[in-house]
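> I need the structure of the sequence given here:
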Amino acid sequence: MNLTPSIREIADADIEAVIALWHAAGITRPWNDPQRDIVFARRDAHSTVLVAEIEGRIVASVMVGEDGHRGWVYYVAADPAMQGAGLGRAMMAAAEAWLVGRGVWKLQLLVRGDNDKVKRFYEHLGYTDTKSSCFQKVIAP
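Numbers count the residues shown, from 1 in each chain. Here you go, the predicted structure:
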């Protein structure tokens with residue numbers, strides 16, 4: 001079995017498998033519609049969803065985009081049966097390369113305050129806590 005993932009942009013045929021991966025990895029939230037988020041990320045050249053595939057199966061993902069000033073990542077997920085195999089690191093490297101290819105030099109991401117395991121993962125990759133507060137307001141349904 002070849003365990004080296006092939007990383008590429010999501011295709012229409014991948015959407016169901018990606019959403020299933022997100023649910024299995026526990027990264028979905030009731031207030032975010034994964035289908036809608038995927039459609040929104042694919043609407044133009046400023047964002048996309050990257051997937052890792054091994055032997056025809058989607059095993060990891062990352063949603064990556066840029067806002068004209070910095071890059072952002074969301075939905076970083078790895079198949080729970082394959083966590084610890086380097087898929088998260090590979091997806092973050094792919095997201096970083098996608099952004100660098102567009103001239104973006106700064107990447108930011110959000111981690112829930114109580115998710116110490118994920119904080120350690122990103123710290124291990126060289127990310128630092130900016131000690132910033134994130135505010136939000138839903139302005140449309």
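> isn't Ala41 up against Ser47?
Yes - using C-beta atoms under 8 Å, Ala41 is in contact with Ser47, at 4.5 Å. Heads up, the C-betas are built off the backbone N, CA and C, glycines and all.
> overlap of the contact sets of these two?
Residues touching both Ala41 and Ser47 by C-beta atoms under 8 Å, 6 or more residues apart in numbering: Met63, Gly65.
> buried ones in stretch 27-46?
Across stretch 27-46, burial judged by 16 or more other C-beta atoms under 10 Å covers Ile27, Thr28, Pro34, Asp37, Ile38, Ala41, Arg42.
> show me what contacts the third one?
The contact partners of Pro34, taken as C-beta under 8 Å, 6+ apart, are Val18, Ile19, Trp22, His23, Thr28, Tyr75.
> look up how far Lys117 lies from the spatially closest residue to it that is not a sequence neighbour.
Spatially, and ignoring its direct neighbours in sequence, Pro34 is nearest to Ile19 (4.6 Å; C-beta to C-beta, 6 or more residues apart in numbering). Separation of Ile19 from Lys117 (C-beta to C-beta, to the nearest Å) stands at 23 Å.
> the two - which one has more neighbours?
With neighbours defined as other C-beta atoms under 10 Å, Ile19 and Lys117 compare such that Ile19 has more, 18 against 7.
> could you pick out the longest helix of this structure?
helix 87-100 (DSSP state H).
> name the next helix or strand downstream of that one, please.
Going down the chain from helix 87-100, the next helix or strand is strand 107-109, by DSSP states H and E.
> note down every partner strand of that next one and its orientation.
Here strand 107-109 is paired, per DSSP bridges, with strand 71-78 (parallel).
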